[in-house]
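# Mind folding the following:
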Amino acid sequence: MSVVPIHSSQDIPSLKRPVDVVEETQDVESTPEVEPPTKKAKMEWLPPSVTEMENPFIFKTSTYHSEIPQEVLLNKSEPIVLGVDEAGRGPVLGPMVYGIAYGLESFSAKLQKEYGFADSKVLTEPKREELFKQIEEPTHELHKHIGWATTTITARDISSGMLQSAGKGAYNLNEQAHDTTINLIKGVLAKNVQVAKIFVDTVGPPASYQAKLSKIFPGIEVTVTKKADSLFPIVSAASVVAKVTRDKNIHFYNTTLETFKGKVLGSGYPADPNTKKWFNGNVDPVFGWHFGFIRFSWGTAKDSLEKNGAVPVVYEDSVKKTGGYKDVFAMISNKNKDSKIRKDYFASDKVDLL
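As a prediction, the model looks like this:
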């Protein structure tokens, strides 16, 4: 069974900065789910990693790269450091966002001492947004020194990868994270930015991941460690752009899709009471939840579907591969010993898929 998106590219205008928050609607045709344009609007800041999505309503993974900062271009002989971090690995709803930040090594100390960059989880939401705005403000020192990029991996694509049975089989979360990190770094190197050092907040065992990245990027000093977002200011900057991008992505859909509009979604983590209340109170018996925003591969989703009387679905791919009909729940059951998808992980807030 294939899922057809509820919107087409003709239905949705391209999303450009700044984004309007609805106050008064025009008399224009719109799709059932999408908030129509406004005649009178209140302006809200969103980062280009959200506004530059080509068509946000098909929920396709997207990547955004900033321009190379001025000081990096002017000081090509100075070593460049690059940091990598993510936001939203554990939640059952919304995307996982990988962020990178890079700049002159000589400037990186100022990120913490003068601007207060730190692990995004210890910063307040207003502080994170303020820092990101400063990076995006053309006249600000941070804009002239810090380049950045993000990849927003949608819930649709996370689950599609993890539940796929064709080809190599399940594309687990660690593999998705590694490939996304590698591609983001390659994107910066393709711009002829001479990166000397890479710092990564680990996914899985640090030693093996570091060896993997060192092999892919020979000649660059790679450090992979736990808590890198607290140890290295350039990783803290990456943490901020990733976290703000994810939060603003969720806020965008929370204010534009009728399914979520005005609803209290919580943090998205399975243990969050607000998330649990929305999750269990909005189960469609056939479709479950909105196809692009919920991670159907999570054990939390499976349990909620079963508990709330959803109709069992059999997928054609499962029939072809196994030679018999199987319930879709079997694909994400911890009873399947050969599966890489484990209920005990997805029903928890753990961050390492091992």
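# Return the distance of stretch 161-181 from the chain's centre.
Computed by C-alpha atoms, centre = their mean, to the nearest Å, the chain-centroid distance of stretch 161-181 equals 15 Å.
# Setting the sequence-adjacent residues aside, check what's closest to Ala196.
Spatial nearest neighbour of Ala196, excluding adjacent residues (C-beta to C-beta, 6 or more residues apart in numbering): Pro79 at 3.7 Å. C-beta here means a position set from N, CA and C on the backbone, and glycine is covered the same way.
# Check the gap between that neighbour and Phe279 for me.
In this structure, Pro79 and Phe279 are 47 Å apart, going by C-beta to C-beta, to the nearest Å.
# If you count surrounding residues, which of the two has more?
Phe279 (23 against 13; other C-beta atoms under 10 Å).
# Isn't the more buried one up against Asp303?
No. With contact defined as C-beta atoms under 8 Å, Phe279 does not reach Asp303; the gap is 10.0 Å.
# which residues in the chain form helices?
All helices of the chain, identified by DSSP state H, fall at 48-51, 70-74, 105-113, 125-136, 141-145, 155-163, 173-189, 206-216, 228-231, 233-256, 273-281, 299-307, 316-322, 343-346.
# Using PDB, list the CA coordinates for the first one.
Output for helix 48-51, consisting of C-alpha atoms alone and laid out as PDB, is shown next (Å, rounded to 0.1, in the frame of the first residue of the first chain):
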ATOM      1  CA  PRO A  48      15.900  29.900   6.000                       C
ATOM      2  CA  SER A  49      16.300  26.200   6.900                       C
ATOM      3  CA  VAL A  50      12.500  26.300   7.300                       C
ATOM      4  CA  THR A  51      11.400  28.900   4.800                       C
END
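# what's it packed up against?
The contact analysis (3 or more C-beta pairs under 8 Å, 6 or more residues apart in numbering; DSSP states H and E) places helix 48-51 against strand 147-153, helix 233-256.
# Mind putting the ones you listed into a markdown table with mean neighbour count?
Shown next, in a markdown table, are those (neighbours: other C-beta atoms under 10 Å):
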| stretch | mean neighbour count |
| --- | --- |
| strand 147-153 | 27 |
| helix 233-256 | 25 |
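# So which of these is nearest Ser165?
strand 147-153 (19.9 Å; C-beta to C-beta).
# That closest one pairs with which strands, and in what direction?
Strand pairing for strand 147-153, determined by DSSP bridges: strand 62-65 (antiparallel), strand 96-104 (antiparallel).
# Redo the helices of the chain as JSON lines? Include mean pLDDT and distance to Gly288.
Converted to JSON lines, those look like this (pLDDT from 0 to 100; distance: least, C-beta to C-beta, whole Å):
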{"stretch": "helix 48-51", "mean pLDDT": "96", "distance to Gly288": "25"}
{"stretch": "helix 70-74", "mean pLDDT": "97", "distance to Gly288": "45"}
{"stretch": "helix 105-113", "mean pLDDT": "94", "distance to Gly288": "42"}
{"stretch": "helix 125-136", "mean pLDDT": "97", "distance to Gly288": "30"}
{"stretch": "helix 141-145", "mean pLDDT": "98", "distance to Gly288": "42"}
{"stretch": "helix 155-163", "mean pLDDT": "93", "distance to Gly288": "11"}
{"stretch": "helix 173-189", "mean pLDDT": "96", "distance to Gly288": "20"}
{"stretch": "helix 206-216", "mean pLDDT": "96", "distance to Gly288": "33"}
{"stretch": "helix 228-231", "mean pLDDT": "94", "distance to Gly288": "33"}
{"stretch": "helix 233-256", "mean pLDDT": "95", "distance to Gly288": "16"}
{"stretch": "helix 273-281", "mean pLDDT": "90", "distance to Gly288": "10"}
{"stretch": "helix 299-307", "mean pLDDT": "89", "distance to Gly288": "6"}
{"stretch": "helix 316-322", "mean pLDDT": "57", "distance to Gly288": "17"}
{"stretch": "helix 343-346", "mean pLDDT": "41", "distance to Gly288": "15"}
